[in-house]
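Participant: Sequence plus the predicted model coming up.
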Amino acid sequence: MMSNLTIALDIMGGDYGPRSSLPAAIEAVNSHDNITLILCGNETLIRTELEKLDALQHPRLQIKHCSEVVNNDDKPSTALRCKKDSSMRKALDLVKSGEAQACVSAGNTGALFAMAYCILKMLPGISRPALISSVPTEKPKPVYLLDLGANVTADPETLFDFAVMGSVVAEQSQGIENPTVGLLNIGAEDIKGHEDIKRASELFEQSNALNYIGYCEGTDIFKGKADVIVCDGFVGNIALKTCEGIAKMIIHKLNKTLKKSIFYRAAALLMFPVLKKLYKKMNPDQYNGASLVGLRGIVVKSHGNAKSPAFLAAINEAVREVEKQLPEKIAARFAALKGQQLALDNEENDPLCSPCSK
């Protein structure tokens, strides 16, 4: 375990803002002796809430005042160019400067993607970052699904990069040697899918860097057919939210059924240890925290509607990635794969990253 980890939190992001992020931050520093959290947001509001929670004087909670907030309806370009004193921007700036080793935000996904892309820059050899998260399966180990929404579309070469990054994440997070990789499609047959999917499949098959097993269908996600499943962000985001919706529906139906009669309640009492274990495995909160991989820094995106336990899971994910040195491992894999130097290149001008012009 590494010592003295520092994580920057976008306290103001998400549907619940400080009501969700601050209790999670307190729980995190109480659970991890080796982390310091920098709380980015409105200082007056943060101090007031911390005082209510009896944590204002905690030595490992630092406040970074920010005068602006990125709203859910802000356009990514506007947030990037015009909200440089926002809690989201400051959290990313702290990672870039080295004052923090990772940042966590539940804020506007598009804005977070644009800011992270322009502020932190891409690792050598990678053109686009991808959101990746784990999903539970029938098997003991989860499946890693990417992209979950960072890129609405992706060409075959970008899907190949996603597959390589996903393989590294599965190796480092689960200790899987030579993880299997599948490509999400509308069928398992070679003739299925559009041309980009077919071309991506050819690239996967031709590379020795991937343990490619072919196409996967939606039903294969929960079967654990592959350790990593690759798709574009449009498909991935829908798939992930469908998975979460199914899990919440099953939990809701189970709770409603168990309350219908005294007999069911008595049976539930007898089965409590089993039901508790099942609930823990199915509760999507524990899987909250999608990582924006491919960047020169660690960025974890929490669900916008995450409550405190879910935001805590996102903080814990950031801690794990810092300890695993995930960006360095991904950079090394691409350097070996593409014969590139690990030395960071000069920052290139990007029109997306230009200053605000009002």
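Facilitator: Yep, it's here. Numbering: from 1, shown residues only.

Participant: use CA for all of it now, contacts and neighbours both
Facilitator: Fine.

Participant: May I have stretch 212-231 exported as PDB, CA atoms only?
Facilitator: Below are the C-alpha coordinates for stretch 212-231, written out as PDB (Å, rounded to 0.1, in the frame of the first residue of the first chain):
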ATOM      1  CA  TYR A 212      -9.600 -11.900 -28.400                       C
ATOM      2  CA  ILE A 213     -12.400 -14.400 -28.300                       C
ATOM      3  CA  GLY A 214     -14.800 -12.800 -30.800                       C
ATOM      4  CA  TYR A 215     -18.200 -11.100 -30.600                       C
ATOM      5  CA  CYS A 216     -20.300 -10.900 -27.400                       C
ATOM      6  CA  GLU A 217     -24.000 -10.200 -27.200                       C
ATOM      7  CA  GLY A 218     -25.700  -8.300 -24.500                       C
ATOM      8  CA  THR A 219     -26.700 -11.500 -22.600                       C
ATOM      9  CA  ASP A 220     -23.000 -12.400 -22.500                       C
ATOM     10  CA  ILE A 221     -22.200  -9.400 -20.200                       C
ATOM     11  CA  PHE A 222     -23.500 -11.100 -17.100                       C
ATOM     12  CA  LYS A 223     -22.300 -14.600 -18.100                       C
ATOM     13  CA  GLY A 224     -18.700 -13.600 -17.700                       C
ATOM     14  CA  LYS A 225     -17.900 -14.800 -21.300                       C
ATOM     15  CA  ALA A 226     -15.000 -12.300 -21.500                       C
ATOM     16  CA  ASP A 227     -13.000 -10.400 -18.900                       C
ATOM     17  CA  VAL A 228     -13.200  -7.200 -21.000                       C
ATOM     18  CA  ILE A 229     -16.000  -6.200 -23.400                       C
ATOM     19  CA  VAL A 230     -15.400  -3.300 -25.800                       C
ATOM     20  CA  CYS A 231     -18.000  -1.000 -27.500                       C
END
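
Participant: Buried ones in that stretch, by neighbour count?
Facilitator: Of the residues in stretch 212-231, those buried by neighbour count under the rule 16 or more other CA atoms under 10 Å are 212, 214-216, 220-222, 224-231.

Participant: Could you do stretch 304-320 as well?
Facilitator: When neighbours are counted by 16+ other CA under 10 Å, the buried residues of stretch 304-320 are found to be 304-320.

Participant: ok, which stretches of the stretch 1-150 of the chain are strands?
Facilitator: Ranges of strands in the stretch 1-150 of the chain, per DSSP state E, counting those that start in this stretch, are 5-10, 35-41, 61-65, 102-105, 130-135, 143-146.

Participant: Mind putting these into JSON lines with distance to G175, mean pLDDT and mean neighbour count?
Facilitator: Formatted as JSON lines, the entries for the strands of the stretch 1-150 of the chain read as follows, by distance: least, CA to CA, whole Å; pLDDT from 0 to 100; neighbours: other CA atoms under 10 Å:
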{"stretch": "strand 5-10", "distance to G175": "22", "mean pLDDT": "96", "mean neighbour count": "26"}
{"stretch": "strand 35-41", "distance to G175": "24", "mean pLDDT": "96", "mean neighbour count": "24"}
{"stretch": "strand 61-65", "distance to G175": "32", "mean pLDDT": "96", "mean neighbour count": "18"}
{"stretch": "strand 102-105", "distance to G175": "22", "mean pLDDT": "96", "mean neighbour count": "28"}
{"stretch": "strand 130-135", "distance to G175": "14", "mean pLDDT": "92", "mean neighbour count": "24"}
{"stretch": "strand 143-146", "distance to G175": "13", "mean pLDDT": "94", "mean neighbour count": "28"}
